[in-house]
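Participant: can't give you the sequence, but here's the structure:
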């Protein structure tokens, strides 16, 4: 018997969900931080490149203005625009109307800025004090070699990736740190259940076998009633014992699947529980079609039926009804109990989940049902309404 | 075809002549006698006011209300020849005269 194996079924699954959710949220936040950092870095790199290029462009701009000045003075004789193969340029008047241009991308000009990149070129704007030829703005343009861009992206990917790995590693460590108290508590509970189970078997068997040997017909009614109460109590303990044993030994028991006479089994389990139901004045009605068989481990099927019946009794009102119907491919257990809302239905198969702490039990019953159903591909449908009762249907392929 | 062109020219010529006359009669006529030609003044206006809208507005303001402070002529010229008299043209005539002046000396389309 292995405690770690026992916890593996229920706890690791919830741990996995928590892990996925935490990693999802954490990764999102980390990515946000990295994107923000990368954006700032990218912008800084771009500004740095533009500042470096600005000195060069300012020189070109001065040269252009000198040329414009000469053109302005000698315009009646000489009308050739000052050109230089190192750069392209344009001139604009005070109303942003283009006077002349040799730019590759005149459509991208932003006169309100100083220096910027657009469509693979760098443009520098200079505002003149004296408007030679009406020029208020000179635009000087050179090609952007994009080396800074490639370098910036390479650095972002390398350092960003490195930081992402470190952050995710730290995230996993943090999560394990936060999960460990919860995991310890669950381990403790599982270990307690395992130890308790060991000690329950012998006394419960002794009580039940001895009660069965008593001939209640020969006892006076008062004593017979007391014996019946003892039997109910012992059977309740026995059911809990069976469940706990199943949980504790689940992964150690090799399933012995046979063609089980389900009709007989359900009838037998209903009879077994009838005495418990009677104690709450609950009436069990059955509609069991004879001769229905299912290839399954008999003990496991008994655990499944027991738990459905036990819950139907446990969560029923005093004087309520239970209806059990067996048809080929379908077992229905219907009760007139407290019912569940949608959220409760979603969580009902979780281990240690109880919706009425006054009803007793450990909240492991439906978890066992779910485990067995998963093993044998049985489909479980729950139809329930708060205050009206629940209908649990187990379906299988015929 | 040639006849049509001649007819159109004959119809338009008085109009063109009238337009030119506003500028030539009222601007060129006076400035011919001054040592600084109109084209120099135009480039002075460009140097100070830059765009077509601003140059025309400045010219209009100055011609309607000539003030020493607003004049772009040198001190020497002003003290020697004085400020030009206030225009007698109507707003529409003045606008047309300035438009002709702008079209004659503008740099748009002339830079090579």
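Facilitator: Arrived safely. From a predicted model like this one, the values you see are computed outputs, not experimental measurements. Residues are numbered from 1 along each chain as shown, chains lettered A, B, ... in the order given.
Participant: Tally up the residues packed near residue 77, please.
Facilitator: No chain specified, so I'll use chain A. Residues near residue A:77, counting by other C-beta atoms under 10 Å in any protein chain shown, number 6. Where you see a C-beta, it was placed from the backbone N, CA and C, and this is true even at glycine.
Participant: Chain B was what I was after
Facilitator: Residue B:77: 15 neighbours (other C-beta under 10 Å).
Participant: Beyond the helix or strand that it is a member of, next helix or strand please.
Facilitator: Taking DSSP states H and E as the criterion, residue B:77 maps to helix B:75-81. Later in the chain than helix B:75-81, the nearest helix or strand by DSSP H and E is helix B:91-105.
Participant: what about that next one, average pLDDT?
Facilitator: For helix B:91-105, the mean pLDDT works out to 92.
Participant: what's the answer for stretch A:97-106, then?
Facilitator: Stretch A:97-106 shows an average pLDDT of 93 in the prediction.
Participant: same check, this time on stretch A:169-184
Facilitator: On average, the pLDDT along stretch A:169-184 is 85.
Participant: Just the pLDDT for residue 59.
Facilitator: All of this is about chain A. Value listed for residue A:59 in the pLDDT field: 96.
Participant: meant chain B, my bad for not saying
Facilitator: On pLDDT, residue B:59 comes in at 92.
Participant: ok, it - how many residues close by?
Facilitator: Close neighbours of residue B:59, defined as other C-beta under 10 Å, add up to 20.
Participant: same thing with residue A:339?
Facilitator: Counted with other C-beta under 10 Å, residue A:339 comes out at 19.
Participant: In the chain, where is pLDDT below threshold?
Facilitator: Using chain A. Under the criterion pLDDT under 70, the flagged ranges of chain A are A:1-15, A:249-254, A:350-363.
Participant: look at chain B instead
Facilitator: Short version for chain B, where the test is pLDDT under 70: B:1-20, B:36.
Participant: Going by residue numbers, what spans are strands in the chain?
Facilitator: Using chain A. Under the criterion DSSP state E, chain A contains strands at A:88-92, A:98-101, A:115-118, A:121-127, A:137-143, A:257-261, A:283-288, A:293-297, A:321-327, A:330-335, A:379-385, A:389-395.
Participant: actually chain B
Facilitator: Under DSSP E, chain B gives no strands.
Participant: So which bits of it are right by chain A?
Facilitator: Applying C-beta under 8 Å from any C-beta of the partner chain, we find that chain B lies next to chain A at B:39, B:43, B:46-55, B:107-108, B:110-112.
Participant: hmm, stretch A:94-110 in reach of chain B?
Facilitator: Yes - residues of stretch A:94-110 are located near chain B by C-beta under 8 Å from any C-beta, namely A:94, A:95, A:97, A:99, A:100.
Participant: Out of the residues you listed, who's the most crowded?
Facilitator: Busiest of the residues of stretch A:94-110 next to chain B [other C-beta under 10 Å] is residue A:99, holding 25 neighbours.
Participant: Find the nearest non-adjacent residue to it, please.
Facilitator: residue A:91 (4.6 Å; C-beta to C-beta, 6 or more residues apart in numbering or on different chains).
Participant: and the one you found, what does it touch?
Facilitator: Residue A:91 makes contact with A:68, A:98, A:99, A:100, A:101, A:133, A:135, A:137, A:138, A:139 under the criterion C-beta atoms under 8 Å, 6 or more residues apart in numbering or on different chains.
Participant: go with 6 Å
Facilitator: A:99, A:100, A:135, A:138 (C-beta atoms under 6 Å, 6 or more residues apart in numbering or on different chains).
Participant: Kindly report the same for residue A:231.
Facilitator: With C-beta under 6 Å, 6+ apart, residue A:231 has these contacts: residue A:211.
Participant: So which residues on the stretch 1-150 of chain A come close to chain B?
Facilitator: By C-beta under 6 Å from any C-beta of the partner chain, the part of the stretch 1-150 of chain A that sits against chain B consists of A:79, A:80, A:81, A:93, A:94, A:95, A:100, A:130, A:131, A:133, A:134, A:136.
Participant: Kindly indicate which of the residues you listed lies nearest residue A:33.
Facilitator: residue A:136 (44.2 Å; C-beta to C-beta).
Participant: Could you check how far the closest one is from residue A:126?
Facilitator: Note on residue A:136: its distance to residue A:126, by C-beta to C-beta, to the nearest Å, is 10 Å.
Participant: more neighbours, the two?
Facilitator: With neighbours defined as other C-beta under 10 Å, residue A:136 and residue A:126 compare such that residue A:136 has more, 24 against 19.
Participant: That one against residue A:97, yeah?
Facilitator: No - using C-beta atoms under 6 Å, residue A:136 makes no contact with residue A:97, being 9.9 Å away.
Participant: How about the backbone phi and psi for residue A:219?
Facilitator: The phi/psi pair for residue A:219 (degrees, to the nearest 10) reads phi -90, psi 160.
Participant: so how many other residues sit close to it?
Facilitator: 13.
Participant: Can you give me every residue that contacts residue A:391?
Facilitator: Residues in contact with residue A:391 (C-beta under 6 Å, 6+ apart) are A:334, A:383.
Participant: please redo it, this time with the cut-off set to 10 Å
Facilitator: Contacts for residue A:391 (C-beta atoms under 10 Å, 6 or more residues apart in numbering or on different chains) come out as A:312, A:323, A:325, A:332-335, A:339, A:381-385.
Participant: again with residue A:98
Facilitator: Taking C-beta under 10 Å, 6+ apart, we find residue A:98 in contact with A:90, A:91, A:92, A:106, A:109, A:137, A:139, B:108.
Participant: How about residue A:329?
Facilitator: For residue A:329, the contacting residues are A:292, A:294, A:379, A:394, A:395, A:396, A:397, A:398, by C-beta under 10 Å, 6+ apart.
Participant: and what of residue A:262?
Facilitator: A:288-294, A:296, A:298, A:301, A:305, A:326, A:328, A:331, A:396.
Participant: So out of everything in the stretch 151-300 of chain A, what residue is nearest chain B?
Facilitator: Ranked by C-beta to the nearest C-beta, the top residue of the stretch 151-300 of chain A for proximity to chain B is residue A:152, at 38.8 Å.
Participant: isn't that residue right next to residue A:158, touching?
Facilitator: No - using C-beta atoms under 10 Å, residue A:152 is not in contact with residue A:158, being 11.1 Å away.
Participant: Comparing the two, which shows the higher neighbour count?
Facilitator: Neighbours were tallied for residue A:152 and for residue A:158 using other C-beta under 10 Å; the higher tally belongs to residue A:152 (20 against 10).
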